[in-house]
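**Student:** How does the following fold in three dimensions:
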Amino acid sequence: MNSTESNETERRIELLSRFVTERRLERLREVAAARTGRITLVLEDVCNAFNATAVTRTCEGLGIHEMHIVENDHRFQLSPGVTQGAAKWLDMRRWREPDRKNTERCIAALHERGYRVVATSPHRSGHTPDSLPLDRPVAIVFGHEKSGVSERARELSDDTLRIPMYGFVESFNITVSAGMCMSRLRSRLQEECPADVPYPEAFQRELLATWLEWSVPRKVLASLDAAGSGE
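**Tutor:** Presented below is the predicted three-dimensional model:
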């Protein structure tokens, strides 16, 4: 962000802050400061709207700001009654080109940004949420409810992740698996490398400005934009 953009962000924050309560403003700041990009989640061809929504809500609640949605064979849908607005607070990046090479594009983009891409699998040896290295950002891939992560995703991933099982069942439901994995990884990140958790201050300010816009009534925003354009 250059100085002009930074100044505009600060101006927007100062202006919009007048139209929310101090308590609301403090809450927005608190959540922005807790957001992290060190962990992200990839959902590959998850087809059940309830599952997709529950995982989305889990990510938001854990401060995991970015999700990647891969749609090769199934379209991603959310259930409004379950999400309770969680999705709008997240950066949800969708990969859905018709050539069905979306898994490749998504993982390549994550690798380019320095992420360790980790495919979940109950049938392979690999790291657990307690042993997965957190020395660089991690992207955890969850797959279709029945078939799991695709073979292509496993081939392109750097590691695998499993949840230790102690009963007769072979795996947990995706909502449970994602909740257990992401919660443990977020806790470890907070404990082991707290300085790496938050986004840079400039990005936090961008988030705050955006969230303030969502918190201010549309009519107020329209009047402010009109005044700013000299109308």
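
**Student:** Give me the neighbour count for V118.
**Tutor:** If you count neighbours by other Cβ atoms under 10 Å, V118 ends up with 23. To be clear about C-beta, it is placed using only N, CA and C from the backbone, and glycine gets the same treatment.

**Student:** likewise S183?
**Tutor:** Neighbours of S183 (other Cβ under 10 Å): 15.

**Student:** Look up phi and psi at it.
**Tutor:** As for S183, its main-chain torsions (degrees, to the nearest 10) stand at phi -60, psi -40.

**Student:** My guess is it contacts G61. True?
**Tutor:** No: using Cβ atoms under 8 Å, S183 makes no contact with G61, being 9.1 Å away.

**Student:** do you know how far the residue nearest the centre of the chain is from P129?
**Tutor:** For the chain, E66 is the residue whose C-alpha lies nearest the centre (Cα atoms, centre = their mean; 2.5 Å). Separation of E66 from P129 (Cβ to Cβ, to the nearest Å): 19 Å.

**Student:** Ok, I39 next?
**Tutor:** Here I39 is placed at a distance of 11 Å from P129 (Cβ to Cβ).

**Student:** More neighbours: these two, which one.
**Tutor:** For I39 versus P129, neighbours defined as other Cβ under 10 Å are more numerous around I39 (24 against 19).

**Student:** and that one, what is it in contact with?
**Tutor:** For I39, the contacting residues are 64, 137-140, 182, 185-186, 189, by Cβ atoms under 8 Å, 6 or more residues apart in numbering.

**Student:** Could you pick out the buried ones from those?
**Tutor:** Buried members of the contacts of I39, scored by 16 or more other Cβ atoms under 10 Å, are 64, 137-140, 182, 185-186, 189.

**Student:** Next, count neighbours for the nearest residue to V20 once chain neighbours are set aside.
**Tutor:** Using Cβ to Cβ, 6 or more residues apart in numbering and skipping the chain neighbours, the partner closest in space to V20 is S215 (5.3 Å). Using other Cβ under 10 Å, S215 is surrounded by 16 other residues.
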